[in-house]
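**Q** after the sequence you'll find the predicted model.
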Amino acid sequence: MSKKTVNIPLGSQHISLLEPIRFKFTCENEKIIGIDSDVGFVHRGVEKACASKFKFDAIGYVVARICGLCAITHSLSYTMAVESMLEGEVSKRAQYLRVLMVELDRLHSHMLCLSHVSENAGFEAMFMRIMGDREPVMDLQEALSGNRVQFDYVSIGGVNRDIESDVAVKVKETLKELRLKVEDYISEFENNWSLSLRYKGIGALSQEDAYRFNTIGPLARATGIKTDVRAESSMLPYGDIGFEMVTKDGGDIYARNMVRLYEMLNSISMCENIIDAMPEGEIFTKLKGKPSGEIVTRLEAPRGELMYYVKGSGKPILDRVRIKTPTFSSIPAFMHIFEGQEYADAPAILASFDPCMSCTAK
Amino acid sequence: MKKIEVTLKNVVNVIREFYKPEKHHFLTLNGLAIDEKTTEIQWIFSEYGKQDEIIVFYVDVTEDDVIPSIVEVIPSAIISQREIVDMFGLKVEDSERGLYLDEDSLQKPLSFGCAL
């Protein structure tokens, strides 16, 4: 068969990814040989708004609007940056509640990714099952924070709502049931042909390339790289609540799925430990002053490292709020992985990255 | 956060000598408007496995300067460089415009004096 080169777009919206990113593939017959990306369809100018329109104590609520899935990590990263600049102490109880929300967020975000990966494998029943099982996790977040998606839960100095005893019981009961479901997913993803053999070796990234492209989060850990902001930042008490880093080898779709599945088990354990060891005390400490200086804070969002750079000069309006999101960091690795793959596998590979364009086009 | 000042002439060599792919993680390239003419450009790194280790190389530039590309040392930096071109309207070697912004978009959205 003669070789024919054609240009095929994937996106700006595609059935496998309902978010606006466009990849422009150059294909030789069925094989992808070249790629470009365009990520700016929903650019909203949040960074500029944070340094011109809003006072520093309101920005935590502004940046929570960047993303529906990881709103809590955005507001928490920013808030921790400001708290460091104000040199304020946050109570241990507030810190535990913050981690509880972040880990619940990771649970439902990973479930969303795994359900999309199942859908791309043609396993519609698994897609529906995981999405259905995800609902109770979102119900927990609603019970804790008052909202299912945009969590205005974190504030400078602590959190806005304490955990009620009946909610604590509900968290433990729900997570106990979820653990059994996740163990069942692991069995399916390891043994079901559509989810295991179908995805082994597809969309693989070598560890060497993972280092070369500075990959982060599940994408890096699926190649065996031991990197996780939960271990590389001392701002949250992950050392006290049973954090374990999950790594796998292979760097393919299968390995990425496995990293997410085992991380879910660890997140469940950490949430249970938090409920069991919840410290007594206040949930909010009033911090005085205005931010001065500059700081970089990092937090492990479900998709990987989320970075905030904040600079203030003692005024209500900050000089700069820089947001570096996980998907933004991962795009060079995405583009590298696509090269040489079959075009037919592109949607499945894309879903396994778990990209978030709301964050990227902040 | 440890800040190290560099110059446009030596930044690539400084980063080449500093950066070890299996030791350092390149977070991003950051821009900070100092005044109407000057922008501070920061190359931000962390270290794998170390807690709270942030290293920042920085240099002040104007619109007339061309910021050298570090893609030869860190291939993934291309996306951060393209972002700086779009957001600040600055020139970065080998980094084209158009990652975020179309031709008809507002120019330099993060620089001073622009409409949001």
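**A** Okay, I see it.
**Q** what about stretch A:52-67, start to end distance?
**A** Taking Cα to Cα, to the nearest Å, stretch A:52-67 runs 21 Å from one end to the other.
**Q** same check on stretch B:79-96?
**A** End-to-end distance of stretch B:79-96 (Cα to Cα): 10 Å.
**Q** the top helix by length along chain B vs chain A: in contact?
**A** As assigned by DSSP state H, the longest helix anywhere in chain B is helix B:77-88. Yes. On the criterion Cβ under 8 Å from any Cβ of the partner chain, helix B:77-88 is in touch with chain A at B:78-79, B:83, B:86-87. All C-beta spots, glycine's among them, are computed from the backbone N, C-alpha and C.
**Q** quick one, which of those residues are buried?
**A** With neighbours counted by 16 or more other Cβ atoms under 10 Å in any protein chain shown, the residues of helix B:77-88 next to chain A contain buried members at B:78-79, B:83, B:86-87.
**Q** need the contact list for whichever residue of chain B sits closest to chain A.
**A** Chain B approaches chain A most closely through residue B:100 (3.5 Å), counting by Cβ to the nearest Cβ. Counting by Cβ atoms under 8 Å, 6 or more residues apart in numbering or on different chains, residue B:100 touches A:39-40, A:43, A:361, B:83, B:86-87.
**Q** which one of the residues you listed is nearest residue A:92?
**A** The nearest member of these to residue A:92, counting by Cβ to Cβ, is residue A:361 at 36.3 Å.
**Q** roughly how far does the closest one sit from chain B?
**A** Distance, residue A:361 to chain B, by Cβ to the nearest Cβ, to the nearest Å: 7 Å.
**Q** poorly predicted segments of chain A, please.
**A** For chain A, the stretches flagged by pLDDT under 70 are A:1-2.
**Q** point me to the residue of it nearest chain B.
**A** residue A:40 (3.5 Å).
**Q** for that residue, give me its contacts.
**A** A:361, B:86, B:98-102 are the contacts of residue A:40 under Cβ under 8 Å, 6+ apart.
**Q** ok, now with 10 Å
**A** Contacts for residue A:40 (Cβ atoms under 10 Å, 6 or more residues apart in numbering or on different chains) come out as A:20-22, A:357, A:360-361, B:83, B:86, B:98-102, B:105.
**Q** any idea where the strands of the chain begin and end?
**A** Because you didn't say which chain, this covers chain A. All strands of chain A, identified by DSSP state E, fall at A:5-10, A:22-28, A:31-38, A:154-155, A:158-159, A:292-301, A:304-313, A:320-324.
**Q** look at chain B instead
**A** Counting by DSSP E, the strands of chain B are B:2-5, B:24-33, B:39-47, B:54-61, B:66-67, B:91-92.
**Q** between those, which one is nearest to residue B:110?
**A** Here strand B:24-33 is closest among the strands of chain B (Cβ to Cβ), at 6.4 Å.
**Q** do any residues in that closest one lie close to chain A?
**A** Yes. Applying Cβ under 10 Å from any Cβ of the partner chain, one finds strand B:24-33 touching chain A at B:24-33.
**Q** which helices and strands sit right next to that strand?
**A** When contacts are defined as 3 or more Cβ pairs under 10 Å, 6 or more residues apart in numbering or on different chains; DSSP states H and E, strand B:24-33 sits against strand A:292-301, strand A:304-313, strand A:320-324, helix A:326-338, helix B:11-18, strand B:39-47, strand B:54-61, helix B:77-88.
**Q** export these to JSON lines and append columns for distance to residue A:96.
**A** Below are the helices and strands packed on strand B:24-33 laid out as JSON lines (distance: least, Cβ to Cβ, whole Å):
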{"stretch": "strand A:292-301", "distance to residue A:96": "15"}
{"stretch": "strand A:304-313", "distance to residue A:96": "20"}
{"stretch": "strand A:320-324", "distance to residue A:96": "26"}
{"stretch": "helix A:326-338", "distance to residue A:96": "24"}
{"stretch": "helix B:11-18", "distance to residue A:96": "37"}
{"stretch": "strand B:39-47", "distance to residue A:96": "25"}
{"stretch": "strand B:54-61", "distance to residue A:96": "25"}
{"stretch": "helix B:77-88", "distance to residue A:96": "35"}
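**Q** out of those, the one nearest residue A:118 is which?
**A** For those, proximity to residue A:118 was assessed by Cβ to Cβ; helix A:326-338 is nearest, at 20.0 Å.
**Q** now that closest one, how far from the centre of its chain.
**A** A distance of 15 Å separates the centroid of the chain from that of helix A:326-338, by Cα atoms, centre = their mean, to the nearest Å.
**Q** mean neighbour count for the strands of chain B - can I get that in JSON lines?
**A** Below are the strands of chain B laid out as JSON lines (neighbours: other Cβ atoms under 10 Å in any protein chain shown):
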{"stretch": "strand B:2-5", "mean neighbour count": "11"}
{"stretch": "strand B:24-33", "mean neighbour count": "22"}
{"stretch": "strand B:39-47", "mean neighbour count": "21"}
{"stretch": "strand B:54-61", "mean neighbour count": "19"}
{"stretch": "strand B:66-67", "mean neighbour count": "16"}
{"stretch": "strand B:91-92", "mean neighbour count": "20"}
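**Q** turn these into JSON lines, columns for mean pLDDT.
**A** Shown next, in JSON lines, are the strands of chain B (pLDDT from 0 to 100):
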{"stretch": "strand B:2-5", "mean pLDDT": "95"}
{"stretch": "strand B:24-33", "mean pLDDT": "93"}
{"stretch": "strand B:39-47", "mean pLDDT": "95"}
{"stretch": "strand B:54-61", "mean pLDDT": "96"}
{"stretch": "strand B:66-67", "mean pLDDT": "94"}
{"stretch": "strand B:91-92", "mean pLDDT": "92"}
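**Q** so which of those strands comes closest to residue A:232?
**A** Closest to residue A:232 of the strands of chain B, according to Cβ to Cβ: strand B:39-47, at 6.6 Å.
**Q** do that closest one and chain A meet at all?
**A** Yes. Strand B:39-47 comes into contact with chain A (Cβ under 10 Å from any Cβ), by way of B:40, B:42, B:44-47.
**Q** residues of the stretch 251-362 of chain A that sit close to chain B?
**A** Residues of the stretch 251-362 of chain A lying near chain B by Cβ under 10 Å from any Cβ: A:293-298, A:305, A:307, A:309, A:311, A:319-320, A:322-325, A:328-333, A:335-336, A:360-361.
**Q** how about 8 Å then?
**A** Residues of the stretch 251-362 of chain A lying near chain B (Cβ under 8 Å from any Cβ): A:294-296, A:298, A:305, A:307, A:309, A:311, A:319-320, A:322, A:324, A:328-329, A:331-333, A:361.
**Q** quick one on the thing from earlier: quickly name whichever of the buried ones among the residues of helix B:77-88 next to chain A is closest to residue A:254.
**A** Within these, distances to residue A:254 taken as Cβ to Cβ reach their minimum at residue B:79, with 26.5 Å.
**Q** tell me the contacts of that closest one?
**A** With contacts defined as Cβ under 8 Å, 6+ apart, residue B:79 is in contact with A:328-329, A:331-332, B:99.
**Q** tell me the most packed of the residues you listed, by neighbour count.
**A** residue A:329 (29 neighbours; other Cβ atoms under 10 Å in any protein chain shown).
**Q** so that one makes contact with residue A:219?
**A** No. Proximity of residue A:329 to residue A:219 does not meet the contact threshold set by Cβ atoms under 8 Å, at 9.2 Å.
**Q** what's the pLDDT at residue B:6?
**A** On the pLDDT scale, residue B:6 is placed at 95.
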